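Student: I need the structure of the sequence given here:
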Amino acid sequence: MNNDFTLYIGNIAPEVDEKIIYELLVQIAPIRKLKLPKDRVLRKHLGYCFVELDNPSSCEYAEKLLNGLYVYNRPIKVKRSIVDKQNKLITEENVLGTKLFLGNLDKLVDEKYLVGLLKNYGLHDQMLKPPEIKRDIHTGESMGYGILNFKDFETCDLVIKKLNGQFLMNKKVRVEYAKKSNGKGYHGDKIERLLASKAEENYYHIRTDTKKLL
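Tutor: Model (predicted):
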């Protein structure tokens, strides 16, 4: 997708599908591409999508018009894509650092098991992306650790509280914030939390003068 022409839409209700998003945006501008990421196991969307429109002006207009609009009783969060110095699309996943490391996993624990586990705690719909079990590239066998990505630090903190030290299958799992890619510390520190708070304030502020849709 062309970042200059792309909108990020978040806080999407479970009832919303590609057709509803398309019909909402096509009234504003021609749509080039629409991507609604889904859980590979449950086949349900992850609560956000990317839509490429015909030009940057259309994106700006759509952001002003739709941000905070209620769709199925949820105010959607609409913003234009932001590009960092490395030309990477900035989304909740790579801005917030809300990433957890799961260690000492039993080899029988797979992605589907983790989704079911989180569902039992009512946290599965807070995932940014499906669980990821690291596997041997040759055998496909679990290497005993994995990654979970959530929408906010509050959920991450709760998952650590609920699961760290618990027995999954026959092993006591270790749940903690993942190491940063640059090797300098772990995610979930004060700086990341402050940045997340500022991002919420600057980009995801819900206007009080919005009207409901559907």
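
Student: all helices of the chain, in order?
Tutor: Using DSSP state H, the helices assigned to the chain run over residues 18-26, 56-66, 92-96, 111-120, 153-163, 190-203.

Student: Averaged pLDDT, the second one. What do you get?
Tutor: Meaning helix 56-66. Helix 56-66 comes out with an average pLDDT of 90.

Student: now the fifth one
Tutor: Regarding helix 153-163, the rounded mean pLDDT is 95.

Student: got a list of contacts for that helix?
Tutor: 96, 98-100, 117-118, 121, 123, 126, 148, 150, 173, 175-177, 188, 192-193, 196 (CB atoms under 8 Å, 6 or more residues apart in numbering). All C-beta spots, glycine's among them, are computed from the backbone N, C-alpha and C.

Student: try it again with 10 Å
Tutor: The contact list for helix 153-163 (CB atoms under 10 Å, 6 or more residues apart in numbering) reads 96-100, 102, 114, 117-118, 120-123, 125-128, 148-150, 152, 173-178, 187-189, 192-193, 196-197.

Student: got the contact list for Cys80?
Tutor: Heads up, residue 80 is Arg, not Cys. Here Arg80 is in contact with 3-8, 53, 56, 59-60, 62-63, 203 (CB under 10 Å, 6+ apart).

Student: give me that answer again for 8 Å
Tutor: By CB under 8 Å, 6+ apart, the contact list for Arg80 reads 6-8, 56, 59-60, 63.

Student: do the same with Gly47
Tutor: By CB under 8 Å, 6+ apart, the neighbours of Gly47 are 10-12, 125, 151.

Student: can I have stretch 160-177 written out in CSV, keeping just the CAs?
Tutor: Below are the C-alpha coordinates for stretch 160-177, written out as CSV (Å, rounded to 0.1, in the frame of the first residue of the first chain):
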residue,chain,number,x,y,z
ILE,A,160,1.3,-11.3,32.8
LYS,A,161,-0.7,-11.3,36.1
LYS,A,162,-3.0,-14.1,35.0
LEU,A,163,-0.6,-16.4,33.2
ASN,A,164,2.9,-16.0,34.4
GLY,A,165,3.9,-19.0,36.5
GLN,A,166,0.8,-21.0,35.5
PHE,A,167,1.0,-24.5,34.2
LEU,A,168,0.1,-24.9,30.5
MET,A,169,0.0,-28.5,29.7
ASN,A,170,2.8,-29.9,31.8
LYS,A,171,5.1,-26.9,32.1
LYS,A,172,5.2,-23.7,34.1
VAL,A,173,5.1,-20.9,31.6
ARG,A,174,7.0,-17.7,31.9
VAL,A,175,5.3,-14.5,30.6
GLU,A,176,7.0,-11.2,30.5
TYR,A,177,7.5,-8.2,28.2
